[in-house]
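1. A predicted structure for the sequence below; I have some questions about it.
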Amino acid sequence: MNTLSKAYLIGGGIGSLAAAAFMIRDGDVPGRNISILEASPILGGSLDGAGDPGRGYSLRGGRMLTTDNYECTWDLYKSIPSLHNEGMSVYDETVEFNKEHAAHSLARLVDRRRARVPVTSMGFSMQDRIELLKLTNANEETLAASCITDWLSPHFFETEFWYMWATTFAFQPWHSAVEFKRYLHRFMLEFSRIETLAGVKRTIYNQYDSLVLPLQAWLVAQGVCLVTDCKVTDLEHKTEAGQFVVTGIHCQRSGIDEVIALNDGDLVFLQNGSMTDASSLGSMTSAPGRLTKVESGGWTLWEKLAQGRPEFGNPAAFNGCIAQSCWESFTVTLKNPMFFDKMKDFTGNEAGIGGLVTFKDSNWLMSIVLAHQPHFPDQPTDVQVFWGYSLFPDRVGNFVPKAMAECNGAEILQELCGHLRFDLESVESANCIPCRMPYITSMFMPRLRVDRPLPVPRGSRNLAFISQFVEIPDDVVFTVEYSVRAAQMAVYELLGVTRQIPAITPHDKSLRTQLDALIKAFK
């Protein structure tokens with residue numbers, strides 16, 4: 001890529017932001033030659049965080065972080081200055097913060113008696129251990145498009161291990177056996193400490209303010225053009241010497257149709273698919289709307305490109321069944337410390353130390369997490385924010401006689417207080433904003449390897465894919481790392497960068513890690 005060539009990144013999520021940074025840092029591309037085209041008013045994609053004390057704060061979710069893995073993420077963020085601590089990188093800031101606020105959950109699981117569930121044992125039977133070992137050692141060609149339930153018996157899904165692993169990573173029994181196996185290997189280091197979440201690392205604030213905004217500010221300082229309210233609707237292309245070449249970008253800016261013509265040497269990076277596509281928010285008095293991809297269109301461009309081109313993947317494998325990829329989260333803003341005080345007394349953990357608290361007998365399989373406060377930079381000292389989610393929003397509640405998907409924020413708080421045996425006065429000042437996400441675990445759907453394109457598909461000259469829906473051997477989706485690694489791979493390949501991409505740390509090959517996991521499995 002010469003200094004006159006340009007790069008266009010379609011979608012403003014963490015993958016595109018990372019790709020732009022890698023082009024500048026490692027590919028010597030001038031920032032002024034890079035444009036990020038985003039359909040919404042703000043960048044950040046699924047790493048969002050919004051609101052204020054008056055209207056209430058809202059987070060669709062937060063990806064789990066660890067400094068023992070996430071090699072490409074921290075390789076990037078060692079280069080990005082913090083917005084909150086002068087003279088520190090985002091990586092240094094995060095490491096320092098976690099030294100002061102090390103995770104150590106004392107109440108990972110809670111049962112119907114409001115008792116903390118002992119989790120020194122994982123609850124495995126010998127059959128569970130044998131089947132889990134068989135799945136862990138199976139190759140991906142054998143696993144193919146099978147589900148977790150094809151390999152593990154019903155008892156496994158009642159074990160303490162499953163409740164903790166499933167809610168930490170958002171797995172469902174019907175999800176991909178391949179993805180489950182990859183997680184077992186990639187996070188084998190967490191197997192022996194899953195009940196304390198000691199391996200989980202947190203950012204100083206929510207991930208939008210701590211990861212997205214510093215990276216965005218650095219890109220702006222480098223001259224990158226950030227174009228919001230710009231929806232890309234189609235790509236013009238041709239086949240030249242047997243290669244797929246993008247020649248133009250059709251988009252709508254502020255309701256006006258435009259075509260961006262591409263020159264030889266220009267590059268296009270597309271965020272194909274979206275796990276937060278068609279998300280909808282509710283309120284204290286209304287449930288979130290039931291949207292689908294028809295109302296949002298986040299999958300349309302990938303679907304167009306993949307028609308008749310198997311090398312571009314198969315979006316239908318991921319967006320074909322909302323019932324199996326949907327769950328619901330909620331963000332609660334409080335103006336009274338009573339709830340946080342009662343949670344500290346109940347769990348034994350300060351906010352920001354305990355991690356997820358899962359109500360294992362909840363029909364919704366509800367979990368909540370109290371982050372270190374403040375969770376937003378502008379959050380007043382007398383305001384608290386916490387987040388929760390449920391894996392089974394279509395089931396009727398234990399304390400509210402309706403499905404979570406039909407509940408408003410007040411009813412979700414009623415269900416939560418029922419599990420905790422807290423009086424409703426502990427949340428009387430609360431503003432609970434629920435969020436329905438129909439495709440949030442779509443990347444976990446059973447699929448074949450060919451259903452995901454490579455970051456740079458075979459035969460593509462100037463088009464790359466960056467998202468949770470590309471194929472990266474051995475790495476795991478539903479992580480910031482997956483998007484950042486895909487970005488680094490795509491940029492390095494299209495630009496011919498010779499710098500080595502950080503390798504996936506093989507914790508699963510460590511004899512110590514294997515022994516610790518084995519001991520844990522037999523407790």
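-> It's in.
2. which parts of the stretch 251-400 of the chain are helices?
-> Taking DSSP state H, counting those that start in this stretch, the helices of the stretch 251-400 of the chain run over residues 293-296, 300-306, 316-319, 322-325, 338-347.
3. nearest to residue 129, of those helices?
-> With CB to CB as the measure, helix 322-325 is the member of the helices of the stretch 251-400 of the chain nearest residue 129 (27.4 Å). Using the backbone N, CA and C atoms, a C-beta is placed for each residue, glycine as well.
4. in terms of residue numbering, what are the domains of this protein?
-> Domain assignment of the chain by automatic domain parsing yields the ranges 7-47+60-93+205-321+441-495, 109-199, 327-437.
5. would you list those domains in JSON lines and tack on distance to residue 101 and mean pLDDT?
-> Conversion of the domains of the chain to JSON lines gives the following (distance: least, CB to CB, whole Å; pLDDT from 0 to 100):
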{"stretch": "domain 7-47+60-93+205-321+441-495", "distance to residue 101": "12", "mean pLDDT": "96"}
{"stretch": "domain 109-199", "distance to residue 101": "12", "mean pLDDT": "95"}
{"stretch": "domain 327-437", "distance to residue 101": "5", "mean pLDDT": "97"}
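6. can you lay out these as a markdown table showing mean neighbour count?
-> Putting those into a markdown table (neighbours: other CB atoms under 10 Å) gives the following:
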| stretch | mean neighbour count |
| --- | --- |
| domain 7-47+60-93+205-321+441-495 | 20 |
| domain 109-199 | 17 |
| domain 327-437 | 20 |
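7. now the ones you listed as CSV including distance to residue 511?
-> Shown next, in CSV, are those (distance: least, CB to CB, whole Å):
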stretch, distance to residue 511
domain 7-47+60-93+205-321+441-495, 17
domain 109-199, 12
domain 327-437, 28
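8. who wins for proximity to residue 516 among those?
-> Closest approach to residue 516 among the domains of the chain is made by domain 109-199 (4.0 Å; CB to CB).
9. just so I know, which of the helices of the stretch 251-400 of the chain lies nearest residue 118?
-> For the helices of the stretch 251-400 of the chain, distance to residue 118 was read as CB to CB. The smallest value, 14.5 Å, belongs to helix 338-347.
10. who wins for proximity to residue 514 among the domains of the chain?
-> Using CB to CB and comparing those, the one that lies nearest residue 514 is domain 109-199, at 7.3 Å.
11. nearest to residue 508, out of the domains of the chain?
-> Ranking the domains of the chain by distance to residue 508, with CB to CB as the measure, places domain 109-199 first at 4.3 Å.
12. now find how far off-centre that closest one is within its chain.
-> Going by CA atoms, centre = their mean, to the nearest Å, the spacing between the C-alpha centre of domain 109-199 and its chain's C-alpha centre is 19 Å.
13. quick one: terminal-to-terminal distance for that domain?
-> Using CA to CA, to the nearest Å, the span of domain 109-199 from its first residue to its last is 17 Å.
14. do stretch 280-288 as well
-> Across stretch 280-288, the straight-line distance between its terminal residues is 5 Å, by CA to CA.
15. stretch 359-374 too?
-> Terminal residues of stretch 359-374 lie 25 Å apart, using CA to CA.
16. neighbouring contacts of stretch 34-44?
-> Under the contact criterion CB atoms under 8 Å, 6 or more residues apart in numbering, stretch 34-44 has outside partners 6-14, 16-17, 20, 23-24, 48, 50, 208, 212, 216, 219, 224-232, 249, 251.
17. residues contacting residue 197?
-> Residues near residue 197 by CB under 8 Å, 6+ apart: 103, 104, 105, 108, 168, 354, 355, 356.
18. quick one: the third one from residue 200, how far?
-> So that's residue 105. 9 Å (CB to CB, to the nearest Å).
19. more crowded one of these two?
-> For residue 105 and residue 200, the more surrounded residue by other CB atoms under 10 Å is residue 105, and the numbers stand at 25 against 21.
20. residue 356 is in contact with the more buried one, correct?
-> Yes. In this structure, residue 105 is within contact of residue 356 by CB atoms under 8 Å, at 7.3 Å.
21. circling back: from the contacts of stretch 34-44, which ones fall inside helices?
-> The helices, defined by DSSP state H, take in 14, 16, 17, 20, 23, 24, 216, 219 from the contacts of stretch 34-44.
22. now tabulate the helices of the stretch 251-400 of the chain in JSON lines and tack on distance to residue 270.
-> Rendered in JSON lines, the data for the helices of the stretch 251-400 of the chain read as follows (distance: least, CB to CB, whole Å):
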{"stretch": "helix 293-296", "distance to residue 270": "16"}
{"stretch": "helix 300-306", "distance to residue 270": "7"}
{"stretch": "helix 316-319", "distance to residue 270": "15"}
{"stretch": "helix 322-325", "distance to residue 270": "21"}
{"stretch": "helix 338-347", "distance to residue 270": "42"}
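23. which among the ones you listed is found nearest to residue 173?
-> Relative to residue 173, the nearest member of the helices of the stretch 251-400 of the chain by CB to CB is helix 322-325, separated by 10.1 Å.
24. the closest one: which residues count as buried?
-> Neighbour-count burial for helix 322-325, counted by 16 or more other CB atoms under 10 Å, picks out 322, 325.
25. name the residues that touch that helix?
-> 172, 174-175, 292, 318-319, 394, 438-442, 444-445.
26. generate TSV for those residues, with distance to residue 140 and secondary structure as supplementary columns.
-> As requested, those are arranged in TSV below (distance: CB to CB, whole Å; DSSP: H, G, I helix; E, B strand; the rest coil):
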residue	distance to residue 140	secondary structure
172	20	coil
174	18	coil
175	15	coil
292	30	coil
318	17	helix
319	22	helix
394	31	coil
438	27	coil
439	23	coil
440	24	coil
441	19	coil
442	19	helix
444	15	helix
445	15	coil
